[in-house]
Structures are given as structure tokens and as C-alpha cells.
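Novice: Sequence and predicted structure below; questions after.
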Amino acid sequence: MKKLFTLVLAALMLLSVCAVASAEETVTVYVTISALGAPMTIAEPIELTDVDGDNALTVNDALYLIHEDGFEGGAEAGYASANSDYGLMITKLWGIENGGSYGYYVNDAMAYSLTDPLNDGDRLNAFAYSDLETWSDTYAYFDKAFVEAAAGDEITLTLCMVGWDENYMPVSIPLAGAVITFDGVATEYVTGEDGSVTFTLPESVSYISAVSETVNLVPPICTVK
């Protein structure tokens with residue numbers, strides 16, 4: 001009996017060590033927050049921890065931590081989530097409380113829930129709706145999340161927006177006529193019918209985005225490394 005007890009205790013200790021090792025595994029995600037039609041954070045690297053204690057590294061954890069790191073007053077001032085009839089939902093994002101009108105995408109695909117798990121290297125883009133009447137805010141993204149380039153390099157990007165088919169399933173639609181911006185400043189470059197645009201990168205650009213006169217875009221982001 002004593003030998004059996006010793007073996008069980010050893011097994012429990014081994015499991016405990018394995019659990020600690022798993023909990024200490026590093027998972028880094030890149031978080032962009034948009035509000036009032038502009039990016040507040042841009043692909044900010046966040047090392048995930050299980051903030052809410054659900055034994056998973058999730059969208060909710062990442063949003064809490066990006067506010068804790070980057071919002072004045074931390075997550076207590078800038079972010080909140082609460083349980084509802086539809087599950088866990090955002091009730092405040094970047095200090096904005098708009099009755100629950102927020103969106104979030106992982107790797108440019110719509111996430112199902114704040115409890116969705118995140119993996120190392122994932123990109124999380126979250127935004128507060130600016131149009132609270134018709135919810136016209138439209139998620140858009142480039143075919144490249146980042147480019148490694150220097151001033152004078154020629155770059156080609158394709159811009160798509162998320163639309164809906166006849167079965168209300170999300171589809172990607174090339175976006176024509178959008179004006180390219182460098183660090184928020186409009187340029188002479190405009191996307192073609194297929195959503196593509198080619199331009200020469202000037203000096204000191206940290207991110208590329210786009211605006212449209214016909215579509216209320218959530219700012220697409222391509223970071224320059």
C-alpha cells in the first residue's frame with residue numbers, strides 16, 4: 001500500500017510539473033484595435049496569459065492585455081466583457097461603450113466568440129462600430145499583413161472587403177477605387193477593379209492602409225518592416 005501511495009504521489013507531481021510547463025508556453029499574437037475610423041494600435045505584439053482563468057488563451061485574454069499595456073488607465077478603464085444570452089461579449093473597447101456594437105477577426109476571418117483560442121503568431125483585429133444606425137462598417141484587409149521593404153521599393157497589394165452571399169455566409173470581394181494611405185495620409189494611389197495597387201514606398205512609412213468614398217471601411221493594415 002505504501003509503495004502504491006508513493007507511485008501515485010510521484011505521478012501527481014509529474015502531472016503538476018507538466019501543467020506548469022504548458023502554462024509557461026509562450027504564445028505571442030499581434031493585436032490591432034480600430035476606433036473612430038482609425039487604428040489605435042497596429043499589430044502590437046502581446047504575450048498571452050490566461051487572464052480570465054478559463055484554462056485557455058483566447059481573444060478575450062488578448063483584448064484585455066492590449067488595453068492593459070496600451071490604454072491610459074489600463075484594461076479597467078478601456079475594456080470590458082460580460083456574459084449574455086449569446087455568450088461572452090464585449091461591452092467596452094478602447095474606452096468606447098456603444099451598446100455592444102463591436103467586431104473582431106482572427107487572421108482576417110471572422111471569429112465566432114471571445115472564447116475562441118489563439119495560437120502563436122495569430123493576428124487579431126478588433127473594432128468599435130462607428131455607424132450605430134445601419135452598421136455599415138465593413139472589414140477590409142490586404143493580401144499581405146506585412147511587407148519587408150525600404151524606401152524606393154515597388155510594392156503590389158490587393159485589397160478585399162468582407163461581404164455576404166445569398167446564404168449570409170462571408171465572402172471576400174476585391175475593393176476598387178480605394179485610396180491608399182501611408183501612416184494615415186492619403187496618396188495618389190488607388191486600387192483597380194481587381195483590388196490591386198502598385199506603388200513606390202517613400203521613406204519613414206510604418207503602415208499602409210486605405211480609405212473609400214463609397215464604403216465605410218474598418219482600416220485595413222499592412223505593416224512595413
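Specialist: Happy to help now that I have it.
Novice: Name the secondary structure element that contains the closest residue to residue 103 other than its chain neighbours.
Specialist: Residue nearest to residue 103 in three dimensions, not counting chain neighbours: residue 127, with 5.4 Å by Cβ to Cβ, 6 or more residues apart in numbering. In this view, the C-beta of every residue, glycine as well, is placed from N, C-alpha and C. Using DSSP states H and E, residue 127 falls within strand 123-128.
Novice: and the residue nearest to residue 103, what does it touch?
Specialist: Remark: with contacts taken as Cβ atoms under 8 Å, 6 or more residues apart in numbering, residue 127 is in contact with 33-35, 93, 102-104, 137, 139, 218.
Novice: Could you check how many residues crowd around the closest residue in space to residue 70 that isn't next to it in sequence?
Specialist: By the measure of Cβ to Cβ, 6+ apart, the closest residue to residue 70 outside its immediate chain neighbours is residue 41, 5.5 Å from it. A count of neighbours around residue 41, defined by other Cβ atoms under 10 Å, yields 21.
Novice: With only the CA atoms kept, save the strand holding residue 127 in PDB.
Specialist: Provided in PDB are the C-alpha atoms of strand 123-128 (Å, rounded to 0.1, in the frame of the first residue of the first chain):
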ATOM      1  CA  ARG A 123      -3.300  38.300 -35.900                       C
ATOM      2  CA  LEU A 124      -6.300  39.800 -34.000                       C
ATOM      3  CA  ASN A 125      -8.100  42.800 -35.400                       C
ATOM      4  CA  ALA A 126     -10.900  44.300 -33.300                       C
ATOM      5  CA  PHE A 127     -13.000  47.400 -33.900                       C
ATOM      6  CA  ALA A 128     -15.800  49.500 -32.500                       C
END
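Novice: what's the following helix or strand after that strand?
Specialist: Remark: after strand 123-128, the chain's next helix or strand is strand 138-142, criterion DSSP H and E.
Novice: Counting neighbours, show which residues of that next one come out buried.
Specialist: 138-142 (16 or more other Cβ atoms under 10 Å).
Novice: Distance to residue 150 added to those, as JSON lines?
Specialist: Shown next, in JSON lines, are these (distance: Cβ to Cβ, whole Å):
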{"residue": "138", "distance to residue 150": "32"}
{"residue": "139", "distance to residue 150": "30"}
{"residue": "140", "distance to residue 150": "26"}
{"residue": "141", "distance to residue 150": "24"}
{"residue": "142", "distance to residue 150": "19"}
